[in-house]
Each structure stands twice: as structure tokens, then as C-alpha cells.
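Generate a structure from the sequence data that follows.
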Amino acid sequence: MDPINETAGLLQTLTDNPDVWMTKEERKIKAKISEYILNKFNPMFSQSLQSFLRTDLNMQGAPLNLFAQAIENQIIRPFVNDAAPILWTNGTIVTDNTATAHRTMLTVPSVSNIICTAANSYAAAVNVGIVAEVRASLISDRIYVLRTISGVPMHGYLGLVQYLGTYNCYNGLGLHMYERNINWRDFNIPISV
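Alright, predicted model coming up:
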């Protein structure tokens, strides 16, 4: 898309409809701009996720099993890897599947059997100690990935130690709602460091 042509098209639409912008009603102007954008992008918006992935992965005409494998390897696996929870720690407790519980939740469009197949194939192939569940959703245009790690003790978050050091060294105002009480620093910190 050419931004200059699109801007010219939008301005032409507004020029052709002076009753919209001459009233100076923001609501009407926004509605006309939205209408223009939706009409421009309607071919792209009306395309299914499955057909978009076929084009994006160069899989037009490919057999369903190869297409499902490509979705799993090129879309789902990288998404799951990029969705890794970020724990600021220097310990191995986060990566130890025996000390912590790892869970991945894949939400895929229920209208696309091929994407559901790829997600189920991924879930069946994950490592022992990692739970991967697939949820079919009525939302038809996205794949969601949520990864959690449960069981990481508070001392596993290295940032808390640094925050606690900053907290203990801070003498300015605004740190605590009871700062006018001379004993406000005696409140217990709810973590074990």
C-alpha cells in the first residue's frame, strides 16, 4: 500500500462527504474514517487465518499433513518458545521440571481443524514434566500462548533482593503509607530472602 495514495483516497472520501466533516462532530468524522479503512482492508480482514498461513508459509496446494506440520514447526513452536516466562534469577530452579510445574496453554481457533491438529500434535510431543493443553476458541483470527511456571519460591526472583536493598537504603518520603510513624521501617517484608 502506498501511504500517499491512501491519504489521497481518504481526503477524497471526506471531500465527497462535506456533511460529515463540516458539522465538526468528531464522532461522524471517526465513523467515516473507520468506514474508509474497513473498506480498504476488507479483503485482508475477510481472509481466514488458515488461508493467511497457507500464503505466508508458501503452502498453497500442500497436503494437509505437511501444512499442519509447518504450522507446528514454524508458528506454534516459536510462539511457545518466545512466550517463556521471564524470571530474573541466577538459579536453576526455574528450568528444573522436577522442582517447578511448567504449563503451556495454547488457544487456537476452533473453526480451523488444521491449526487444532498442529496444536494437538505439539501438545503430544512436549517434554516430560511440561504440561501443554490445547483450548479451542471461538475467536477465529489468532493463536494465543500462555506459559506459566508454578512453584518458584520468592527467593528465586533475584530482583527482589535488589529491590529490598534499595528499600532498606531509601530515606526519602513517599515510600510507605505509614511513613509518618517513626516505626514504619519495622513492618515485616512479606518475602524470605
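
For this protein, give me the ranges with low pLDDT.
Low-confidence segments of the chain (pLDDT under 70): 44-46, 86-91, 93, 97, 128-129, 155-156, 171-193.

what comes into contact with whichever helix in it runs longest?
Scanning the chain for the longest helix, with DSSP state H as the assignment, gives helix 26-45. Contacts with helix 26-45, where a contact means CB atoms under 8 Å, 6 or more residues apart in numbering, come from 1, 6, 9-10, 13-14, 17, 20-21. Every C-beta, even on glycine, is put in place using the N, C-alpha and C of the backbone.

Export only the CA atoms of the next helix or strand after that helix, formatted as PDB.
Of the helices and strands lying after helix 26-45 in sequence (DSSP states H and E), the nearest is helix 49-56. Below are the C-alpha coordinates for helix 49-56, written out as PDB (Å, rounded to 0.1, in the frame of the first residue of the first chain):
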ATOM      1  CA  LEU A  49      -6.300 -17.400   9.500                       C
ATOM      2  CA  GLN A  50      -5.800 -20.700   7.700                       C
ATOM      3  CA  SER A  51      -5.700 -19.200   4.200                       C
ATOM      4  CA  PHE A  52      -3.400 -16.400   5.500                       C
ATOM      5  CA  LEU A  53      -1.000 -19.100   6.900                       C
ATOM      6  CA  ARG A  54      -1.100 -21.000   3.700                       C
ATOM      7  CA  THR A  55       0.000 -17.900   1.800                       C
ATOM      8  CA  ASP A  56       2.600 -16.800   4.500                       C
END
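
chain center to the strand or helix carrying N65, what's the gap?
Assigned by DSSP H and E, N65 belongs to helix 64-71. Helix 64-71 sits 23 Å away from the centroid of its parent chain (CA atoms, centre = their mean, to the nearest Å).

tilt between that helix and helix 49-56?
80 degrees (axes from the mean of the first three to the mean of the last three CA atoms, to 10 degrees).

what's helix 64-71 packed up against?
Of the remaining helices and strands, those touching helix 64-71 by 3 or more CB pairs under 8 Å, 6 or more residues apart in numbering; DSSP states H and E are helix 49-56, helix 113-125.

Could you list the buried residues of the longest helix of the chain?
Neighbour counts over helix 26-45 (16 or more other CB atoms under 10 Å) mark 32, 36 as buried.

could I get it in PDB with only the CA atoms?
The C-alpha trace of helix 26-45 is given here as PDB (Å, rounded to 0.1, in the frame of the first residue of the first chain):
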ATOM      1  CA  GLU A  26     -15.800  14.100  15.900                       C
ATOM      2  CA  ARG A  27     -18.000  11.000  16.100                       C
ATOM      3  CA  LYS A  28     -19.100  11.400  12.500                       C
ATOM      4  CA  ILE A  29     -15.600  12.000  11.200                       C
ATOM      5  CA  LYS A  30     -14.300   9.000  13.100                       C
ATOM      6  CA  ALA A  31     -17.100   6.800  11.700                       C
ATOM      7  CA  LYS A  32     -16.300   7.900   8.100                       C
ATOM      8  CA  ILE A  33     -12.600   7.300   8.500                       C
ATOM      9  CA  SER A  34     -13.300   3.900  10.000                       C
ATOM     10  CA  GLU A  35     -15.600   3.100   7.100                       C
ATOM     11  CA  TYR A  36     -12.900   4.000   4.600                       C
ATOM     12  CA  ILE A  37     -10.300   1.900   6.400                       C
ATOM     13  CA  LEU A  38     -12.600  -1.100   6.800                       C
ATOM     14  CA  ASN A  39     -13.500  -1.000   3.100                       C
ATOM     15  CA  LYS A  40      -9.800  -0.800   2.100                       C
ATOM     16  CA  PHE A  41      -8.700  -3.700   4.300                       C
ATOM     17  CA  ASN A  42     -11.800  -5.800   3.900                       C
ATOM     18  CA  PRO A  43     -10.200  -8.300   1.600                       C
ATOM     19  CA  MET A  44      -7.400  -8.900   4.100                       C
ATOM     20  CA  PHE A  45      -9.800  -8.900   7.100                       C
END
